[in-house]
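1. this one's sequence-less:
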């Protein structure tokens, strides 16, 4: 028989489990990968940009998506809707860093065709990342990508329509 304290802890875990937030890459409208080639394939399929982050700590992902503040999660929606997130690390993806001529941590935003739109070397917080990349995540470009995605997926696709609504609302 379980002791009362142990039973209370088990009950708390069971009750709080649905409240726990999963990694944002598991949200149904986001695409998250650890492979840059897969990111470009998904971006072509979904008419999205690619945001690559190369960590300076092997095995650690993009810090802005780990245990995010609820206010920051809402601000990240445009990023999650419009970009395939590719979390890389300096050891496994040294060739990417070499091609960029950068050291980790490094951030790079690519367009749908793989052209480099923006890059930053060093740490960034979510506010600065959005300030520096926001012009590609919203506006006419985002609307055109979202409309192309709706045309490809069909108007019955709820996530395609949600993405278009976000682009039309300006973020």
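-> Thanks, I have it. Remember, predicted model here, so these are calculated numbers, not experimental data. Numbers count the residues shown, from 1 in each chain.
2. now residue 117, what's its secondary structure?
-> What DSSP: H, G, I helix; E, B strand; the rest coil gives for residue 117 is strand.
3. Model confidence score at it, please.
-> For residue 117, the model assigns a pLDDT of 96.
4. How about the contacts made by it?
-> 49, 109, 110, 111, 133, 136 (Cβ atoms under 8 Å, 6 or more residues apart in numbering). Placement of C-beta: from N, CA and C, glycine included.
5. TSV for those residues, including pLDDT and secondary structure?
-> Listed next are the contacts of residue 117 as TSV, based on pLDDT from 0 to 100; DSSP: H, G, I helix; E, B strand; the rest coil:
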residue	pLDDT	secondary structure
49	95	strand
109	96	strand
110	96	strand
111	93	coil
133	93	helix
136	92	helix
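6. Which one of the residues you listed is nearest to residue 42?
-> residue 49 (10.9 Å; Cβ to Cβ).
7. quick revisit: can you tell me which of the contacts of residue 117 is closest to residue 162?
-> residue 49 (17.1 Å).
8. The closest one and residue 151: what is the separation?
-> 18 Å (Cβ to Cβ, to the nearest Å).
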